[in-house]
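Participant: Quick check, what structure comes out for this input:
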Amino acid sequence: MESEGVSLPLIHEHLMMPYNDTWKGECCGRSGFTTGGYYCLSCNFYVHKKCVDDSSEYIEHPSHAAHTLKLQSKPNHSCDLCRQRIKHLCYRCEICDFDLDLLCAKYPPPEVIDALETHHHKLTLLKVKELNESYCNAKCGMTVSYKFHYKCIECDLAYHVDCVWNPPDVKHPSKVYHTYHPLHPLKLHRGQPPEYSDGKCRLCESEFGNGLFYHCSACNFSLDMGCVSNPPQNSVLNLKAHPHQLIFRPRLDVFTCNACGLSGDRSPYICSQCDFMIHKWCLSLPRVININRHDHRVSHTSVLGVVNSVCGVCRQKVDWIWGGYSCQRCPQYVVHSNCAIRYDVWNEIELEGVPEEIEDIEPYVVIDDNTIQHFSHKEHYLRLHVNGLIWEENKWCSACTHPICLQSFYGCMDCDFILHQNCAESPRKKRHVLHNERLTLVTSKADDYFHCTACDRFSNGFMYQCGDKKLDVLCGSISEPFVHPSHPHHPLYYIPPVGEKKCNGCNNWSWSSPVLTCIESGCGFVLCFHCATLPQKVKHRVDDHPLSLCYGEKASGKYWCDICETETNPKTWFYTCKDHQSSLHTQCVLGDFARLMPSSLTYSHRSYEVVRNNSMSCPFCRACESHCMYPIFLKKLGTSDLYVCSLNCMDRFWYPKIIGLNRL
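Facilitator: Numbering: from 1, shown residues only. Have a look, this model is predicted:
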């Protein structure tokens, strides 16, 4: 790889490095037909040199003569000519919602073709969708649902464009002789591999699916298109992976990879001198990286050495005789190689040779034993108050926005600024399981709010932020292992959601929202971030004493909420009073605006005042036409009696024609 970057403003925003490989490109989504391209180290973004050299910002194309097409990024779309999935770049007409991949843009399908292997008549390109459902008469047998298709006018037979025609750059020979299979020629196959085959490339283990591949039926030997045109090197000397030369063994062999500790069933690189075996892809394992579950860098080693630890990501036992990642500062912290480079753990940045930044992330300067100067309030000093008895209903922490309640706090010596002691100690920068980059603690503005991406609540307190990822201080402070009073015997961990999971706190199902899970066998306890950060004690006007969070209970009778006067489910978490004679919905006690401190804010171009509901006569909500029962509501600025008590009531005013109400 060359050292100097190349600027390709039409293709990618970062500098790209010249790179010689036959990977699938983000340009055309194909591989094996061209060598050489450009690679972005930051984004793992690769494009073919040929695609880049042949691409201009605007083109005119015979398949869409009405409008000019513009080069742009539209991943997960499909080409309207050949049906191929667009990997990243395409030519598009925004007026007609027409997409063209780069290969079809360069090589438009001919108006008439001879496809003698498929049909004995000439085929004509049609640019209208079939009125009646028809099936492709090539091998795929799928419906012809695209506008562009080939048709035999004489036989009234339809064919997908990509089933009967290939652009010149992707024409492949019907058979090839390969270095790693010299005994017999490999024949070109399209579609499903033979039933006796495992459907994978012998060299790289990639699955063929319905694509093109080469196969020898006598030896049951298959190669994908990339390995045909650019096979692995026969020998490599990679001192980062191993001190000796490694030889490629292109055969089915069950082995354990020394670099990652996982088993393989084919084509390792081996060192016979050391009895060392490694997956082909493990040769490129990064040496030094940051992961989102640990504050320090971790480094790869071929042998972890004697450690009695579990993996810091999957929490499973680590076999120390194999390779993995370890922390130089924390001797017992180790991570499996494959866990460390997971997409939801690592940001894909190699840090070997990059100096580690030394930053001051301390949130405050100590003045004396009881006094600090916090970075969010540099104009005044804050004094520590050890509060174990007093409930300050009208004082709120500027970070988490919760009232000062039976907790130690720092109070400003000159104004009303207050921080809980725990919130004041929140570091200015930290790593979090929900984001691969380090988050920065951002202080609040009086008239601003944000939406926490973990618990789905509004807040105008402090937040941890990186780009679009915004976490309130409570969600941002959650780290692994996380211990919650509702599940004290086992810690909880963040496991990326796979399928629906039901929260034990609110009984709601979550498909894609983050949850914390108990990994002990047979336990299955799950907690969403919303429930994990519910306050343990709150004050509400229905009772003179603080309400306590109850983690559900078995009951035979019916429970009723004293706030909304409807039935409650005792198995779902609820708040209860001192004598445990009531069960109050958590939603009724807190409402939708519990994380908002008194201030003004603008929501959907309308200005509101955040007001606390602590008067004897509750205001009347104009949306639900009932008295506001929640502790915090919104009042539209410039009016005297326009109140909204929940997000649901806010939404009523976004659709006035549907519900028959006037907008606020």
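Participant: would you list every one of the helices in this protein?
Facilitator: 49-53, 102-106, 161-164, 225-229, 337-340, 421-424, 473-476, 529-532, 586-590, 647-652, 656-659 (DSSP state H).
Participant: Quick one: distance of the fifth one to the chain centre.
Facilitator: Spelled out, it's helix 337-340. Chain-centre distance of helix 337-340: 17 Å, with CA atoms, centre = their mean, to the nearest Å.
Participant: The longest one now?
Facilitator: Its chain's average C-alpha position is 29 Å from that of helix 647-652, according to CA atoms, centre = their mean.
Participant: Let's see it as CSV, backbone CA atoms only.
Facilitator: C-alpha atoms of helix 647-652 as CSV (Å, rounded to 0.1, in the frame of the first residue of the first chain):
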residue,chain,number,x,y,z
LEU,A,647,-46.4,13.2,24.5
ASN,A,648,-49.6,11.5,23.4
CYS,A,649,-51.4,14.8,23.9
MET,A,650,-48.7,16.7,22.0
ASP,A,651,-49.3,14.3,19.0
ARG,A,652,-53.0,15.1,19.0
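Participant: Just the buried residues of that helix, please?
Facilitator: 649, 650, 652 (16 or more other CB atoms under 10 Å). The C-beta positions use only the backbone N, C-alpha and C, and glycine is treated the same way.
Participant: Just the closest of the residues you listed to residue 104, please.
Facilitator: Ranked by distance to residue 104 (CB to CB), these are led by residue 650 at 46.7 Å.
Participant: hmm, back to that, kindly indicate which of the buried residues of helix 647-652 lies nearest residue 312.
Facilitator: Closest approach between the buried residues of helix 647-652 and residue 312, by CB to CB: residue 650, at 41.8 Å.
Participant: So that closest one versus residue 611, what's the distance?
Facilitator: Distance of residue 650 to residue 611, given as CB to CB, to the nearest Å: 14 Å.
Participant: same thing with residue 164?
Facilitator: In terms of CB to CB, residue 164 sits 69 Å off from residue 611.
Participant: and the closest residue to residue 123 other than its chain neighbours, bridged to which residues?
Facilitator: Nearest in space to residue 123, with sequence neighbours left out and distances taken as CB to CB, 6 or more residues apart in numbering, is residue 150 at 4.0 Å. Beta bridges link residue 150 to residue 125, residue 159 when assigned by DSSP bridges.
Participant: Break down the stretch 301-450 of the chain into its strands, ranges please.
Facilitator: Ranges of strands within the stretch 301-450 of the chain are 324-326, 334-335, 364-368, 371-374, 382-385, 391-396, 403-405, 409-412, 418-420, 429-432, 435-442, 450-451, based on DSSP state E, counting those that start in this stretch.
Participant: Format the ones you listed as JSON lines; extra columns: mean neighbour count.
Facilitator: Formatted as JSON lines, the strands of the stretch 301-450 of the chain follow (neighbours: other CB atoms under 10 Å):
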{"stretch": "strand 324-326", "mean neighbour count": "28"}
{"stretch": "strand 334-335", "mean neighbour count": "26"}
{"stretch": "strand 364-368", "mean neighbour count": "13"}
{"stretch": "strand 371-374", "mean neighbour count": "18"}
{"stretch": "strand 382-385", "mean neighbour count": "18"}
{"stretch": "strand 391-396", "mean neighbour count": "15"}
{"stretch": "strand 403-405", "mean neighbour count": "22"}
{"stretch": "strand 409-412", "mean neighbour count": "20"}
{"stretch": "strand 418-420", "mean neighbour count": "24"}
{"stretch": "strand 429-432", "mean neighbour count": "19"}
{"stretch": "strand 435-442", "mean neighbour count": "18"}
{"stretch": "strand 450-451", "mean neighbour count": "15"}
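Participant: what would those look like in CSV with mean pLDDT and distance to residue 641?
Facilitator: Listed next are those as CSV, based on pLDDT from 0 to 100; distance: least, CB to CB, whole Å:
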stretch, mean pLDDT, distance to residue 641
strand 324-326, 93, 61
strand 334-335, 93, 59
strand 364-368, 92, 43
strand 371-374, 94, 39
strand 382-385, 91, 39
strand 391-396, 73, 24
strand 403-405, 82, 27
strand 409-412, 90, 35
strand 418-420, 91, 32
strand 429-432, 93, 43
strand 435-442, 93, 35
strand 450-451, 90, 28
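Participant: now these as CSV including distance to residue 501?
Facilitator: Shown next, in CSV, are these (distance: least, CB to CB, whole Å):
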stretch, distance to residue 501
strand 324-326, 28
strand 334-335, 24
strand 364-368, 38
strand 371-374, 38
strand 382-385, 40
strand 391-396, 33
strand 403-405, 31
strand 409-412, 35
strand 418-420, 31
strand 429-432, 20
strand 435-442, 20
strand 450-451, 22
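Participant: circling back: need the winner for burial among the helices of the chain.
Facilitator: Each of the helices of the chain was scored by mean neighbour count; the highest is helix 473-476, a mean of 26, by mean count of other CB atoms under 10 Å.
Participant: Show me what it packs onto, helices and strands only.
Facilitator: Counting contacts by 3 or more CB pairs under 8 Å, 6 or more residues apart in numbering; DSSP states H and E, helix 473-476 is packed against strand 435-442, strand 463-466.
Participant: among these, which is nearest residue 37?
Facilitator: Using CB to CB, these put strand 435-442 closest to residue 37, at 25.2 Å.
Participant: circling back to that earlier point, just the local confidence number for the residue nearest to residue 123, please.
Facilitator: Per-residue pLDDT puts residue 150 at 89.
Participant: any idea how far it is from residue 91?
Facilitator: The spacing between residue 150 and residue 91, counted by CB to CB, is 21 Å.
Participant: do residue 369 as well
Facilitator: Taking CB to CB as the criterion, residue 369 is separated from residue 91 by 68 Å.
Participant: For the two, indicate the residue with more neighbours.
Facilitator: residue 91 (27 against 6; other CB atoms under 10 Å).
Participant: count of residues packed around the residue nearest to residue 123?
Facilitator: So residue 150, with other CB under 10 Å, has 30 neighbours.
Participant: Would you agree residue 163 is in contact with residue 149?
Facilitator: No - Residue 163 lies out of contact with residue 149 (CB atoms under 8 Å); the separation is 9.2 Å.
Participant: Need the residues touching each of those two.
Facilitator: By CB atoms under 8 Å, 6 or more residues apart in numbering, residue 163 and residue 149 have these common neighbours: residue 136.
Participant: For burial, what's the neighbour tally of the closest residue to residue 637 other than its chain neighbours?
Facilitator: Leaving aside its sequence neighbours, residue 637 sits nearest to residue 607 (CB to CB, 6+ apart; 4.3 Å). Neighbours of residue 607 under the rule other CB under 10 Å: 13.
Participant: And for residue 519?
Facilitator: Using other CB under 10 Å, residue 519 has 17 neighbouring residues.
Participant: likewise residue 466?
Facilitator: Neighbours of residue 466 (other CB under 10 Å): 16.
Participant: gap between it and residue 292?
Facilitator: 11 Å.
Participant: which residues are common contacts for these two?
Facilitator: 435, 437.
Participant: Find the residue closest to the residue located most distally from the centre of the chain in space, skipping its chain neighbours.
Facilitator: Centroid-distance maximum for the chain: residue 154 at 51.4 Å, with CA atoms, centre = their mean. Distances taken as CB to CB, 6+ apart place residue 121 nearest to residue 154, at 5.3 Å, with adjacent residues excluded.
Participant: ok, now residue 222?
Facilitator: Nearest to residue 222 is residue 215, by CB to CB, 6+ apart, at 4.6 Å.
Participant: got a list of what residue 384 touches?
Facilitator: Applying CB under 8 Å, 6+ apart, we find residue 384 in contact with 370, 371, 372, 408, 409, 410, 421.
Participant: and what of residue 563?
Facilitator: Shown in contact with residue 563 (CB under 8 Å, 6+ apart): 540, 542, 584, 585, 588, 589, 629.
Participant: just checking, the second one touches residue 584?
Facilitator: Spelled out, it's residue 542. Yes - with contacts counted by CB under 8 Å, residue 542 reaches residue 584, the gap being 7.1 Å.
Participant: Which neighbours do those two have in common?
Facilitator: Common neighbours of residue 542 and residue 584 (CB under 8 Å, 6+ apart) are 562, 563, 577.
Participant: Alright, I will stop here.
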